[in-house]
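Visitor: Quick one, what's the 3D model for this:
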Amino acid sequence: MPRFTKTVRDATGTEVTLERVTDAPAEIATLRVSGWDEEKATSETAPAAKADVDKTPAPKPATKPAPKPAAEA
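Guide: Coordinates of the predicted model:
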């Protein structure tokens with residue numbers, strides 16, 4: 001996930017570095033436009049890669065229609 005940082009001054013004049021981590025596209029766009037610095041994920045901060053998964057398609061359902069319910073007497 002992208003990490004964003006921004007250095008601001010608080011009421012006492014001390015510099016404070018703020019940090020945000022998000023994967024929401026709207027929030028990412030807002031942070032970029034608002035002047036936050038984006039740090040791309042590194043191998044240390046990036047989530048582990050997903051293992052290869054068997055991508056064999058599922059079997060197709062039968063095309064035979066379901067039986068009609070028996071009529072009540």
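Visitor: which SS class is the spatially most central residue of the chain?
Guide: Residue closest to the average C-alpha location in the chain (C-alpha atoms, centre = their mean): residue 23, at 4.6 Å. At residue 23 the chain is in coil, as set by DSSP: H, G, I helix; E, B strand; the rest coil.
Visitor: wait, isn't it in contact with residue 3?
Guide: No - with contact defined as C-beta atoms under 8 Å, residue 23 does not count as touching residue 3 (10.7 Å). No exception for glycine: its C-beta is placed from N, CA and C like everyone else's.
Visitor: still on that earlier bit, tell me which residues touch the residue nearest to the centre of the chain, please.
Guide: Each residue near residue 23 by C-beta atoms under 8 Å, 6 or more residues apart in numbering is listed here: 1-2.
Visitor: cutoff 7 Å now
Guide: By C-beta atoms under 7 Å, 6 or more residues apart in numbering, the residues touching residue 23 are residue 1.
Visitor: now swap in residue 40 and tell me
Guide: Per C-beta under 7 Å, 6+ apart, neighbours of residue 40: residue 2.
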